[in-house]
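**Student:** Sharing a model that was predicted from the sequence below.
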Amino acid sequence: MAKSRGAKPAPAASRPNMPSYGLLPAEGGAGLLSWRWAVDRLQKSHNYFLSTTRPDGRPHCMPVWGIFADDVFYFSTAPDSVKARNLERNPNCVIATEDASQAIIVEGVAEVFNDRTALRRLLKIYEDKYNSEMSADVGPYFAVYPTRAYGIIEYAMQGSATRWTFLKRRK
């Protein structure tokens, strides 16, 4: 899998606000999951759940294949799919990995991804992961830029629940 390029700082980690769940304090970062732990699971997940919002406010959630590289989630869908139409109207979305026992949930903003040079590199990662050929001419391809992410280990929730907050991305 691709590793993050450059010296990009890890997102800020803290405990999420879940007052009724008895979360343990994370003084000095104690018990917080590392961003590397989250990235590993984001890269290894085979299936992801993508949640978008319909124009009338109802949620829409569907499984997708994708890759997590350089702290961005990339996926493709049909241009006339509900996902693509929803993201065109409202780019806010949620990506979740398939393993709820070590859950990673990423809130982010999706954009159509048109960088052909970068796309060739990313499609190689995708093809290796899924043993499936992809074309830069099929799409659209979306890049989901995280704004916030959550990690929770099921049987250690009170001591592991972690929220990562990302710096605002500059265009």
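**Tutor:** Happy to help now that I have it. Remember, predicted model here, so these are calculated numbers, not experimental data.

**Student:** C-alpha from now on. contacts and neighbour counts both.
**Tutor:** OK.

**Student:** Pull out the buried residues from the top strand by length along the chain.
**Tutor:** For the chain, the longest strand by residue count, based on DSSP state E, is strand 141-153. Across strand 141-153, burial judged by 16 or more other Cα atoms under 10 Å covers 141-153.

**Student:** In CSV: those residues, plus pLDDT and distance to Ser45.
**Tutor:** CSV is the format used below for the buried residues of strand 141-153 (pLDDT from 0 to 100; distance: Cα to Cα, whole Å):
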residue, pLDDT, distance to Ser45
Tyr141, 93, 19
Phe142, 96, 18
Ala143, 97, 17
Val144, 98, 16
Tyr145, 97, 18
Pro146, 97, 17
Thr147, 97, 20
Arg148, 97, 19
Ala149, 98, 15
Tyr150, 97, 15
Gly151, 97, 14
Ile152, 96, 15
Ile153, 96, 15
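
**Student:** As CSV, those with distance to Ser81 would be great.
**Tutor:** As requested, the buried residues of strand 141-153 are exported to CSV (distance: Cα to Cα, whole Å):
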residue, distance to Ser81
Tyr141, 12
Phe142, 13
Ala143, 16
Val144, 17
Tyr145, 20
Pro146, 22
Thr147, 24
Arg148, 25
Ala149, 25
Tyr150, 27
Gly151, 29
Ile152, 31
Ile153, 33
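
**Student:** I'd like the next helix or strand past the longest strand of the chain.
**Tutor:** Per DSSP states H and E, the first helix or strand lying C-terminal to strand 141-153 is helix 157-160.

**Student:** can you list the residues that contact that following helix?
**Tutor:** Applying Cα atoms under 8 Å, 6 or more residues apart in numbering, the external contacts of helix 157-160 come out as Tyr21, Gly22, Leu23, Leu24, Pro25, Ala26, Gly31, Leu32, Leu33, Gly151, Ile152, Ile153.

**Student:** list the helices and strands the very next helix or strand once past it packs on?
**Tutor:** Going down the chain from helix 157-160, the next helix or strand is strand 162-165, by DSSP H and E. Other elements packing on strand 162-165 under the criterion 3 or more Cα pairs under 8 Å, 6 or more residues apart in numbering; DSSP states H and E are strand 12-14, strand 141-153.

**Student:** would JSON lines of these with distance to Asp99 be doable?
**Tutor:** Compiled in JSON lines, these are given as follows (distance: least, Cα to Cα, whole Å):
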{"stretch": "strand 12-14", "distance to Asp99": "21"}
{"stretch": "strand 141-153", "distance to Asp99": "10"}
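
**Student:** So for the lengthiest helix in the chain, mean pLDDT?
**Tutor:** If you go by DSSP state H, the chain has its longest helix at helix 116-130. Helix 116-130 carries an average pLDDT of 91.
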